[in-house]
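> Build me a model:
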Amino acid sequence: MSLIQVELDRLVHPVDIIEHIASINDWAFERQDADEISISVRGGLCGYHVSFNWPASWYLTR
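Residues are numbered from 1 along each chain as shown. Here you go, the predicted structure:
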């Protein structure tokens, strides 16, 4: 079984997928907007902060 199963016939926002990954891994995240998310993960030697942005114009042209 894969980590995430996405139905190809259903339109899923890419940032929602990233939020799901963060949630199941218990990573701290914050949604700034429907198209933006920031994730903080504590590593063994340092912390990681990653931001994802998916402009609405990209989402609509799929």
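> what about the nearest residue to Tyr48 once chain neighbours are set aside, distance to Trp54?
With sequence-adjacent residues excluded and distances taken as C-beta to C-beta, 6 or more residues apart in numbering, Tyr48 is closest to Val41, at 4.6 Å. Every C-beta, even on glycine, is put in place using the N, C-alpha and C of the backbone. Computed as C-beta to C-beta, to the nearest Å, the Val41 to Trp54 distance reads 20 Å.
> Tell me which of those two has more neighbours.
Trp54 (18 against 15; other C-beta atoms under 10 Å).
> list the contacts for that one?
His13, Pro14, Val15, Asp35, Glu36 (C-beta atoms under 8 Å, 6 or more residues apart in numbering).
> hmm, which of these are the buried ones?
Buried members of those, scored by 16 or more other C-beta atoms under 10 Å, are Pro14, Val15, Asp35.
> distance of Cys46 from Asp33?
On the measure of C-beta to C-beta, Cys46 and Asp33 end up 27 Å apart.
> Compare these two (neighbour count), which wins?
Higher neighbour count among Cys46 and Asp33: Asp33, with 10 against 7, using other C-beta under 10 Å.
> Quick check: end-to-end length of stretch 23-35?
Using C-alpha to C-alpha, to the nearest Å, the end-to-end distance of stretch 23-35 comes to 17 Å.
> And the strands in this protein?
With strands called from DSSP state E, the chain shows them at 28-33, 36-42, 47-53.
> Buried residues of the second one, list them for me.
Spelled out, that is strand 36-42. For strand 36-42, by 16+ other C-beta under 10 Å, it's Ile37, Ile39.
> what residues does it touch?
Contacts of strand 36-42 (C-beta under 8 Å, 6+ apart): 15, 18-19, 22, 25, 27-32, 47-54.
> repeat that for 6 Å
Residues from elsewhere that reach strand 36-42 (C-beta atoms under 6 Å, 6 or more residues apart in numbering): 15, 18-19, 22, 27-31, 48-53.
> Output it as PDB, restricted to C-alpha atoms.
Extracted in PDB, the C-alpha atoms of strand 36-42 (Å, rounded to 0.1, in the frame of the first residue of the first chain):
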ATOM      1  CA  GLU A  36       0.300  27.800   0.500                       C
ATOM      2  CA  ILE A  37       1.600  25.700   3.300                       C
ATOM      3  CA  SER A  38       4.700  25.800   5.500                       C
ATOM      4  CA  ILE A  39       6.100  22.700   7.200                       C
ATOM      5  CA  SER A  40       8.500  22.400  10.100                       C
ATOM      6  CA  VAL A  41      10.300  19.200  10.800                       C
ATOM      7  CA  ARG A  42      12.900  18.500  13.500                       C
END
